[in-house]
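[1] With the sequence up front, the predicted model follows.
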Amino acid sequence: MELAPALLGLRLMRESAEGRSGGLIVETEAYGGPEDRASHARAGHTRRTAPMFGPPGHAYVYLIYGLHSCLNVVAEAEGVAGAVLIRALRPVLGLEMIRARRGRPRDADSVLAAGPARVCQALAVDRSLDGHDLTRGEALWIEEPGGDGPERLLTSGVLSGRIIAGPRIGVAYAGEGWAERRWRFGVAGDPSLSRPFPPLSRPSPSSSRPDGR
DNA sequence: CATAGGATTTGCT
DNA sequence: GCAAATCCTATGC
């Protein structure tokens, strides 16, 4: 859980035959172990979820709806299930490449990786990278954003106080309070968020319907 | 062994 | 706003 907000502002990098591309992590979601009814690990240690129980800092990449890949960073010590879904990036490197992979020439740069499956398509991440070590700086890795440019605006100092939390997306089925937990984190106001965060509201019976979808 | 459904995106109504 | 696309895991008989 602590890892999810900590990843905000870091750079996710990809090196492939086409060259290097990457972006700043601006939205994440935390998933727990078997006790978390919204987590893939709810079914325990299976072939598919094995990376979630593996060493931290490795990737857990799965296929959803038969066509989209999603990337997680394994979060807990080996043997303990937990992972952080990368829900959105702000693209900063290899824009041409990213645009070509996405195949949507008319989209604004900011939305090219605004969504967990878009992140994977933008950086050409698929299940061949399932279990990949993200700490070694090869093929796919996470690093501190150095240098200058717009990235500096997202480094930790400025970032603190700009992190917002909300309920996780698409887990209404979980019930028992797991669906309501605010384990989705994002950089407030960032143009690359996958969708808005619901306003933090006092229960006002008649007026609103804080949906989340 | 059969089947239901999903941590999503897109395009059309 | 709604449904399709499409694979594979998990679950139940």
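    Cool, the structure landed. Just so you know, these numbers come straight off a predicted model, no measurement behind them.
[2] What does residue A:78 show for phi and psi?
    Here is the backbone geometry of residue A:78 (degrees, to the nearest 10): phi -50, psi 130.
[3] distance of it from residue A:63?
    According to CB to CB, to the nearest Å, residue A:78 stands 24 Å off from residue A:63. No exception for glycine: its C-beta is placed from N, CA and C like everyone else's.
[4] Who has more neighbours out of these two?
    Taking neighbours as other CB atoms under 10 Å, residue A:78 and residue A:63 compare with residue A:63 leading, 15 against 10.
[5] Show me what the helix or strand hosting the more buried one pairs with in its sheet, parallel or antiparallel.
    Residue A:63 belongs to strand A:59-64 when assigned by DSSP states H and E. As defined by DSSP bridges, the strand partners of strand A:59-64 come to strand A:68-74 (antiparallel).
[6] Might you list the low-confidence residue ranges for chain A?
    Within chain A, the ranges that satisfy pLDDT under 70 run A:147-161, A:202-213.
[7] What are the boundaries of the helices in chain A?
    Listed in chain order, the helices of chain A (DSSP state H) span residues A:3-6, A:95-102, A:116-122, A:156-159.
[8] Let me have those helices in a markdown table, adding mean neighbour count and distance to DNA strand C as columns.
    Output for those, formatted as a markdown table (neighbours: other CB atoms under 10 Å; distance: least, CB to the nearest atom of the strand, whole Å):
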| stretch | mean neighbour count | distance to DNA strand C |
| --- | --- | --- |
| helix A:3-6 | 20 | 22 |
| helix A:95-102 | 16 | 16 |
| helix A:116-122 | 23 | 9 |
| helix A:156-159 | 12 | 31 |
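[9] What parts of chain A come near DNA strand C?
    Proximity of chain A to DNA strand C, by CB under 7 Å from any atom of the strand, involves residues A:40, A:42, A:43, A:46, A:47, A:48, A:49, A:63, A:65, A:66, A:67.
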